[in-house]
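> sequence-free structure coming up:
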Ligand SMILES: *Cc1c(COP(=O)(O)O)cnc(C)c1O
């Protein structure tokens, strides 16, 4: 088998992508994760599950999302033709609801009545609160106390949707601590509760399952670009936090050897330990929150502080499938700094009339560098993972001083 074929068939039965991934959890969760894995495989093969998911993705979430030719931005950069996969147009404003919806239908099949989730910027919390309301389930979202201050609007949205938001005061009071609290809750309440994990991270089966629920992004983009351009793109670009929007776009193209792929991490203030969240730039192999992957840690293995202007990319570990794809050389990874992301944020807003999320703006920053070096008949597809409404206060502080 070629690398391309192998990469598309992973993980193996134990949840490994090569040496990455797996399941590092307390004993009490093993049975729940086994049940979840079995039910997920059953659901995947069940037309009734697929029909409900497809119908709600379409009628509740607004799929399929357009593949939009960014004509003015293409002209301005003077190189490759740039297409935007418009996940920003989905219900709740980002790709995250693809996964939240898939998992809650699964939770219903498992007979669960209560949903928990972690959230950093609040986007996954909002997506989870939304589907919990839609399915009439109790919902608790764990969020770091500092993130609750930074993302007040999303806290309000979750509460309006009927979810309970529990502030986490431990440690740095951000996403990592929120995940710890969610895992602790799950250990205690595992019989009644499903944990909707928000990215392609955590113990098996989450990285596989979350990826599969986001594959629709790449499946649609592949069909749309073939209709529009009669050929495959030369380059795919996506930002990488945990890596769910990126793997969703990339995965259906992994077998297409002519298609290059670039994942863009958060370079923060630059690549100095504690100042960024680019795990492939000086990260170490280790285990965090259930999975083995690249992460940012000091020489004693203590998880480092991370920084990014975008809360959604600000996490110390990367999804294990990305670690595998990087080690195989199938996907390349780079980073964009806060300043580069803000610059791309501004440029897309003014050139195309689309305000992107700050997370997404990291991918756009790479497109700004890559497109001018490519030929005019080449094609880039970039995942516009979310809209920037949640980020306007923060962006204004940098881009509209004196406002
Ligand atoms: C959460 C988020 C991300 C980062 O998460 P991934 O799992 O890496 O996709 C990127 N973009 C937006 C808009 C987000 O809300």
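That came in fine, so what should we check first? Not measured: the values here are computed from a predicted model.
> Which phi and psi values does residue 387 adopt?
Torsion angles at residue 387 (phi, psi; degrees, to the nearest 10) stand at phi -90, psi 160.
> count of neighbours near it?
By other CB atoms under 10 Å, 20 other residues sit near residue 387. For every residue, glycine as well, the C-beta is placed using N, CA and C.
> The ligand versus that one, what's the distance?
Applying CB to the nearest ligand atom, to the nearest Å, the value for residue 387 to the ligand is 8 Å.
> which residues touch the residue lying closest to that residue once chain neighbours are set aside?
Sequence neighbours aside, residue 88 is the residue nearest to residue 387 in space, at 3.8 Å (criterion: CB to CB, 6 or more residues apart in numbering). For residue 88, the contact set (CB atoms under 8 Å, 6 or more residues apart in numbering) comprises 94, 354, 356, 357, 360, 384, 385, 386, 387.
> Which parts of the stretch 301-403 of the chain are helices?
320-327, 338-352, 358-370, 392-399 (DSSP state H, counting those that start in this stretch).
> what does this protein have sitting close to the ligand?
Those residues of the chain that sit near the ligand, judged by CB under 6 Å from any ligand atom, are 94, 96, 123, 199, 239-246, 312-313, 357, 359-360, 385-386.
> Find me the pLDDT at residue 403, would you?
Looking at residue 403, its pLDDT is 74.
> Quick check: closest non-adjacent residue to it.
Spatial nearest neighbour of residue 403, excluding adjacent residues (CB to CB, 6+ apart): residue 396 at 5.3 Å.
> just residue 171 next, same as before
residue 177 (4.5 Å).
> Does the one you found touch residue 166 like I think?
No - applying CB atoms under 8 Å as the test, residue 177 and residue 166 come out as separate, 11.4 Å apart.
> Spit out the contact partners of residue 80.
74, 234, 235, 370, 371, 374, 375, 376, 378, 379, 380.
> I meant residue 11, not that one.
Contacts of residue 11 by CB under 8 Å, 6+ apart are 17, 21, 204, 207, 208, 321.
> Beta-bridge partners for the residue of the stretch 251-400 of the chain found nearest the ligand, please?
Using CB to the nearest ligand atom, residue 386 is the residue of the stretch 251-400 of the chain that sits closest to the ligand, at 2.3 Å. Beta-bridge partners for residue 386, by DSSP bridges, are residue 94.
> any idea how far it lies from residue 47?
31 Å (CB to CB, to the nearest Å).
> the more surrounded of those two?
Set side by side, residue 386 and residue 47 show more neighbours around residue 386, with 28 against 8, by other CB under 10 Å.
> my read: that one touches residue 355, true?
No - assessed by CB under 8 Å, residue 386 is found out of contact with residue 355, at 10.2 Å.
> so after the lengthiest strand in the chain, what's the next helix or strand?
Criterion DSSP state E: the longest strand present in the chain is strand 260-268. Sequence order places strand 284-288 as the next helix or strand after strand 260-268, per DSSP states H and E.
> tell me the contacts of residue 91?
60, 61, 62, 97, 130.
> And for the last one, the neighbour number?
Residue 130: 25 surrounding residues under other CB under 10 Å.
> That one and residue 93 touch, don't they?
No - look at residue 130 against residue 93 with CB under 8 Å: they stay out of range, at 10.5 Å.
> Residue 177 and residue 166: who's more crowded?
For the pair residue 177 and residue 166, the greater number of neighbours falls to residue 177 (21 against 16), based on other CB under 10 Å.
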